[in-house]
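Chemist: Here is my input, please return the structure:
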Amino acid sequence: MKMRTFILAFCAWMTCALAEELPDLATFKPLPKLSTLPVVAEDFNNGWDGWVNQTNNFSWDAKAGMTGTGCLVAERKEAKESVSAYKVVELEHGIHYRLHVHYRTEMVVDPKLDIEEILCLRFTNSKTGKVDQGSFTAKKFKDSRPEWTEWTHIFSVPETHDKKVRLNLLIRTARIGKVWFDNIRIEPMSVIGCTLFPLKNNVMTYDPAAGITYFLKLPQNKNDKDCRLLVDAGGVRKLLEIKDGYANGKFGEFPAGRLPLQATLLDMAKKEILAVDESVLFVRKVEDIPGRIIMESDGRMLRDGKPFLPVGVYLGFRKPEDTQMLQRVKDAGFNSVEMLWNNVNFAGKKDTARETLVEGVRELAKYDLNFLVAIKYQLPSAKPRRESLDDVKGLDNVTRYIVDSIKREPNIIGWYVSDENPVDQLPEIRHLREVISENDPWHPTMTLTDKPMDFVHFAPTGDYLMHDSYPIGDSVYKDSPRQSMAVSHRALDKVKEAGTPFVWVPQIFSWNSSSAQRVPRYPTAQEVRSMALLGAIYDAKAYFFYSYHHIFYYSEKNDPGHSEEQWVNATIGAKLITSLAPYFLSREPAPATAVKQLSGNAVLARSFVNEGKPLVIITADGPDECEAEITVNGVTGLKSRYGNTVETAPGVYRFKGLNIDSDILEKP
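Modeler: Numbering: from 1, shown residues only. Prediction:
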């Protein structure tokens, strides 16, 4: 008894000793008054207003950008020509900025000209008014870059110079050729390096037993040991330790309703405030309803208590004569669809918008199709938003009305709140998520950006982060068999840095469906299969292929007679992922898998186990031939499904691929 009393007393003393005293924020250096968003965000989708074409050899191309949208093009035809365009941007002193520029090139190769330079920043002296200083960056590279490549550069504005800075785009002196520029960002590193937001809260519902978990991405020069997270949850304040990018604390019980959160990231050693996040969770008891989606800690979905992998397709809209759409989608192996809420008129137009929507959703259910509801236009700055519907007035009220109409339908799987939106709409998207999740505790939100550099910005706006990537037949390799999905691979490398579970949007359409001027290069079965499997390598929690309406409507208009062949290949991808879902959803431990690149471009591999049976997914970026040695620890006798791989030693497999390629290894 005395020993038990001593142990209890010692544990209580240790708890007090380990608890850190709450800091006085007045003694900390305040956070710079900067936006948490990029201070410059230029995607050229709507032209290039604000840029000065100094040398008249820049032009705007509406279709040649990274995702078939706008970009800026510079060209030098003679070595003596100057090539320069600039935009004036206003920054701050005392801040380290990171500049991102995506570009690709077609250069005339001259062995004597082996320096690549595409940008610089020029600073104006505050006293003299002259541009007399700059921040420059160059690389040794003499060839062309046919694929989109990211150039990053870190800089700061000298204290002696004006805060208005010239961002110059250029081509290195004397080098002849063309450069395409897209997706330019300037971000304050002190903020961009300090991402934090609440995570693992199952549709923004507060769980006192689990507490509150934050995801954090610290600046490169900071570490978990020196930093703490001060969280105020409804007036209860706690200082949390950070471990491996997460901080968790228990805050007790709260009355039902909105629970405001404020999290302040602190450098305790240097007494600095690094970042602040204001969020909200909802205190409520959530009843079980048919079709409810529960998010596990890693993002795996449980539907009616069973693991669930949505495999869907974007529908866009339905032409009246397309009476077989839903049957065609179901037969292709899809179990889900994405569509704008006001296009779901599968049961015909009814007396009210609510009735049309509800009956349309129930028509989907007749084909066993689940519905990711696109509600992305319900933003103050978006069009075509709806501020009046039936007898309901007001933007948020209409949003609630839409949600309330179908949130109890058993085939709803979530709400699609953004689609390649500009970053200045992020506060609106975050608000839309809150409005939806406050009214629907059963279904998650999904947010999408096509720009990997914006993953960390979009991650707090949804329960799942979606990414779309469409490299096949883009302007890089056009109609050639030589294709590459390296841009997709590089993008997905950054997904985990954002913290939010990932949903993959692979390509099944041809770029000429968007523009008749583009080459009609249709994704092959091998390419669709491989792009889909790339999502499995990166642990996608759902798949939504893009898109039905591009194949059957736009493609048929621009290049008639090819929709069925595209759909056959899309079907191969959908049925493959659906058939492998038990492996992707399995919790059984998988053997360690290592890839040794032998030649060519990147090869990736990942192992899964289901019911004791191993499976290995292999993907190749392309272009051209590649070879890799894949070691699957302790697993012998696997056979290649597509004939690209042979076992060369027990548990060692040699893969050979061509262009965008893949394989599956399995027990015979």
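Chemist: Tell me where the chain is predicted with low confidence.
Modeler: 1-20, 31-37, 94, 189-193, 220, 475 (pLDDT under 70).
Chemist: what about the strands in the stretch 501-650 of the chain?
Modeler: 502-505, 543-545, 593-599, 603-610, 613-620, 625-632, 639-640, 645-649 (DSSP state E, counting those that start in this stretch).
Chemist: ok, now the stretch 301-450 of the chain?
Modeler: According to DSSP E, counting those that start in this stretch, the strands that the stretch 301-450 of the chain contains are 301-303, 306-308, 311-316, 336-340, 370-374, 388-389, 392-393, 412-416, 445-448.
Chemist: now the stretch 151-300 of the chain
Modeler: 164-170, 177-188, 195-199, 212-217, 227-233, 236-241, 246-249, 257-267, 272-283, 293-295.
Chemist: which stretch among these comes nearest S488?
Modeler: strand 177-188 (15.2 Å; CB to CB). (Glycine included, C-beta is placed from N, CA and C.)
Chemist: Go ahead and produce CSV holding the CA coordinates of the closest one.
Modeler: Output of strand 177-188 as CSV, limited to C-alpha atoms (Å, rounded to 0.1, in the frame of the first residue of the first chain):
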residue,chain,number,x,y,z
GLY,A,177,15.7,29.6,-78.4
LYS,A,178,12.4,29.8,-76.5
VAL,A,179,11.5,29.7,-72.9
TRP,A,180,7.9,29.2,-71.5
PHE,A,181,7.1,30.6,-68.1
ASP,A,182,4.2,29.6,-65.8
ASN,A,183,3.1,29.5,-62.2
ILE,A,184,5.3,32.2,-60.6
ARG,A,185,5.2,32.5,-56.8
ILE,A,186,7.0,34.7,-54.3
GLU,A,187,6.5,33.5,-50.8
PRO,A,188,7.7,34.9,-47.4
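Chemist: Could you quantify the relative orientation of that strand and strand 164-170 as an angle?
Modeler: For strand 177-188 and strand 164-170, the angle between their directions (axes from the mean of the first three to the mean of the last three CA atoms, to 10 degrees) works out to 150 degrees.
Chemist: picking up where we left off before, tell me which of the strands of the stretch 301-450 of the chain sits nearest to I95.
Modeler: strand 445-448 (27.5 Å).
Chemist: packing partners for the closest one?
Modeler: strand 412-416, helix 426-439, strand 464-468 (3 or more CB pairs under 8 Å, 6 or more residues apart in numbering; DSSP states H and E).
Chemist: Go through these and pick out the most buried.
Modeler: Most buried of the helices and strands packed on strand 445-448, by mean neighbour count (mean count of other CB atoms under 10 Å): strand 412-416, with a mean of 26.
Chemist: Output the contacting helices and strands for it.
Modeler: strand 370-374, strand 445-448.
Chemist: closest one to M485 among those strands?
Modeler: Relative to M485, the nearest member of these by CB to CB is strand 445-448, separated by 18.3 Å.
Chemist: who's in contact with that closest one?
Modeler: 203, 372, 414-420, 429, 433, 436-437, 458-459, 461-468, 503, 505, 542 (CB atoms under 8 Å, 6 or more residues apart in numbering).
Chemist: if you set the cut-off to 6 Å instead, what comes out?
Modeler: 414-419, 433, 436, 458, 461-464, 466, 503 (CB atoms under 6 Å, 6 or more residues apart in numbering).
Chemist: go on, stretch 631-639?
Modeler: 591-594, 607, 614, 616, 650-652, 665, 668.
Chemist: For these, pick the one with the most neighbours.
Modeler: When neighbours are counted by other CB atoms under 10 Å, L665 leads these with 26 neighbours.
Chemist: measure it to D390 for me?
Modeler: Plainly put, L665 is 55 Å away from D390 if you go by CB to CB, to the nearest Å.
Chemist: returning to that earlier point: which of the strands of the stretch 501-650 of the chain sits closest to L218?
Modeler: Of all the strands of the stretch 501-650 of the chain, strand 502-505 comes closest under CB to CB, at 21.0 Å.
Chemist: circling back: distance to E78 and mean neighbour count for the helices and strands packed on strand 412-416 - can I get that in a markdown table?
Modeler: Formatted as a markdown table, those follow (distance: least, CB to CB, whole Å; neighbours: other CB atoms under 10 Å):
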| stretch | distance to E78 | mean neighbour count |
| --- | --- | --- |
| strand 370-374 | 50 | 26 |
| strand 445-448 | 43 | 26 |
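Chemist: could you dump those to JSON lines with distance to G305?
Modeler: Output for the helices and strands packed on strand 412-416, formatted as JSON lines (distance: least, CB to CB, whole Å):
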{"stretch": "strand 370-374", "distance to G305": "16"}
{"stretch": "strand 445-448", "distance to G305": "21"}
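Chemist: Ok, which of those strands comes nearest F254?
Modeler: So among the helices and strands packed on strand 412-416, strand 445-448 is nearest, using CB to CB, at 22.4 Å.
Chemist: Can you name the residues bridging to the residue nearest to the spatial centre of the chain?
Modeler: Nearest to the mean C-alpha position of the chain, by CA atoms, centre = their mean, lies H467 at 3.8 Å. Beta-bridge pairing for H467 (DSSP bridges): W504.
Chemist: For E627, see how far away it is.
Modeler: The value you get for H467 to E627, if CB to CB is used, is 28 Å.
Chemist: try M301
Modeler: 37 Å.
Chemist: try D110
Modeler: 32 Å.
Chemist: same check, this time on W567
Modeler: W567 is 33 Å from E627, by CB to CB.
Chemist: which of these two has more neighbours?
Modeler: W567 (20 against 15).
Chemist: Spatially nearest residue to the more buried one (excluding sequence neighbours)?
Modeler: I551 (5.8 Å; CB to CB, 6 or more residues apart in numbering).
Chemist: burial measure for the one you found, as a count.
Modeler: So I551, with other CB under 10 Å, has 25 neighbours.
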